[in-house]
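Enquirer: Build me a model from this:
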Amino acid sequence: MVDVLLPLVTLILGFIASFLLELLRNHWTAQNVQDIRTAERRQAAQLERVAFERDGLRAVHTAIHDLLSRVNAIAIPLAKAEAAGLDWRESDDGQELRAAAMHATARCSHESALLLHPAVIKAVEHLTAAAYPMYWTRESGSDPSHRREFFEAEQAASRAIATRLRELYGFAPSGG
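Expert: Presented below is the predicted three-dimensional model:
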């Protein structure tokens, strides 16, 4: 009887052990597949976020360049008007130049609304605030304090964008 029962018990125990090992292997495989898919989803989401942020930074940089060009375009009519003792804003193209500068400022603000990095947002906000006197007042760019503040704000915004882009491309440590 032992000769018959021992192989039968061994067979049953082997079957149960094999079944349990198969269940464990299936669970381990399913868990690994789930972990890999989760990691892939996270990586794809991170890559999309970085691409979105890079595009936003490039758009803001372009908007800043446009603002700088529009503000600089006021210099010649301003110099001519000051030499004649007039207000540049009342010249033939004064209103058009002012409107272009206002539009460029609004574009900077709009583009910065899509940014994700607080330091860049703050720098662009400071730039748009400093731009206002450059095209709104009679003396505009001729006032040294306005000019200094505007161009320092422009440099700070450009540096903040460059720093963030370096971080996103992996060339500098991320600073939150």
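Enquirer: When you work out contacts or count neighbours from here on, use the C-alpha atoms and nothing else.
Expert: Will do.
Enquirer: Could you measure from the most centrally placed residue in the chain over to Ala162?
Expert: For the chain, the residue nearest the mean C-alpha position is Glu53 (3.2 Å; Cα atoms, centre = their mean). Going from Glu53 to Ala162 by Cα to Cα, to the nearest Å gives 12 Å.
Enquirer: same question, His103
Expert: Per Cα to Cα, His103 is found 24 Å from Ala162.
Enquirer: can you check His110 too?
Expert: To Ala162, His110 is 19 Å away according to Cα to Cα.
Enquirer: ok, now Gln31?
Expert: Look at Gln31 and Ala162: by Cα to Cα, they are 41 Å apart.
Enquirer: More neighbours: which of the two?
Expert: Legend: neighbour count by other Cα atoms under 10 Å for Gln31 and Ala162, higher for Ala162 (16 against 12).
Enquirer: Provide the secondary structure category for that one.
Expert: Following DSSP: H, G, I helix; E, B strand; the rest coil, Ala162 is assigned to helix.
Enquirer: Contact partners for it?
Expert: Applying Cα atoms under 8 Å, 6 or more residues apart in numbering to Ala162 gives no contacts.
Enquirer: For it, give me the pLDDT.
Expert: We have a pLDDT of 93 for Ala162.
Enquirer: if we can go back for a sec, please state the offset of the host helix or strand of the residue nearest to the centre of the chain from the chain centre?
Expert: Using DSSP states H and E, the secondary-structure element containing Glu53 is helix 2-73. Put simply, helix 2-73 sits 25 Å off its chain's centre (Cα atoms, centre = their mean, to the nearest Å).
Enquirer: Show me what it is packed up against.
Expert: helix 94-112, helix 118-136, helix 144-168 (3 or more Cα pairs under 8 Å, 6 or more residues apart in numbering; DSSP states H and E).
Enquirer: how far out from the middle of the chain is the least confident helix or strand in the chain by mean pLDDT?
Expert: Least confident element among the helices and strands of the chain, by mean pLDDT, DSSP states H and E: helix 75-84 (a mean of 83). Helix 75-84 has its average C-alpha position 38 Å from the chain's average C-alpha position, going by Cα atoms, centre = their mean.
Enquirer: Fine by me, thanks again.
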